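Colleague: take this sequence and fold it.
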Amino acid sequence: MNLPNTLTWLRIVLIPLFVGVFYLPDGLLLKGQVNWIATAIFILAALTDWLDGYLARRFNQTSAFGAFLDPVADKLMVAAALIVLVDLDRANVYVALIIIGREIAISALREWMARIGKDHSVAVSFVGKLKTTVQMIAIALLLFHDPLLGFGHTQILGRWLLDIAAVLTLWSMAHYLRMAWKALR
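Modeller: Okay, the predicted model is just below:
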């Protein structure tokens, strides 16, 4: 165990807390409080994703276990958030299916490519990083749901950004499949 892996485990522990906030008994928290708390937990989890990678590289604390666990934690966090957003009618089910389906497919592709020694061919790309950034901002806005700093259209902006994330998701999936195909030929 090292600090980056501990942060990844923290992200996994935050998932049920973040989801649970939306399903607390009525009256325990005000609706606005629920949105604030869940969004804060989600943003904290998203920041630990960046921080654990930075710390692992900075202090040379990378490990095979961390390389495995980090993307699993990311996918669990995003899938949980999207399922909650669909349940709350804040996100379209088809967008959630595209994003979650891609995450599963690309994880399987990366695992397979690693088994045959060609994992370098499906390394994270710029479009994948852009997709993740847009997706995280969209999810945070949709979780928040309320006006923010006088901007009353967080839901419209969040849905728009989530649609863009879905397009980037398909684009990045095509990119990774193309890279894998080249490596296999």
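
Colleague: doesn't Leu3 make contact with Gln61?
Modeller: Yes: at 6.8 Å, Gln61 and Leu3 qualify as touching, with contact defined as Cβ atoms under 8 Å. Where you see a C-beta, it was placed from the backbone N, CA and C, and this is true even at glycine.

Colleague: could you pull out the residues contacting both of those two?
Modeller: Residues touching both Gln61 and Leu3 (Cβ atoms under 8 Å, 6 or more residues apart in numbering): Leu55.

Colleague: residues contacting Leu143?
Modeller: 35, 38-39, 42, 81, 84-85, 90.

Colleague: quick one: which of those sit in helices?
Modeller: Secondary structure defined by DSSP state H assigns 35, 38-39, 42, 81, 84-85 of those to helices.

Colleague: could you dump these into a markdown table and include pLDDT?
Modeller: Shown next, in a markdown table, are these (pLDDT from 0 to 100):
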| residue | pLDDT |
| --- | --- |
| Asn35 | 92 |
| Ala38 | 95 |
| Thr39 | 95 |
| Phe42 | 96 |
| Ala81 | 97 |
| Val84 | 97 |
| Leu85 | 97 |
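
Colleague: check what pLDDT the residue most central in space within the chain gets.
Modeller: Taking Cα atoms, centre = their mean as the criterion, Val78 is the residue nearest the geometric centre of the chain, at 3.6 Å. Predicted confidence (pLDDT) for Val78: 95.

Colleague: that one: helix or strand, and which one exactly?
Modeller: Here Val78 sits within helix 64-87, counting by DSSP states H and E.
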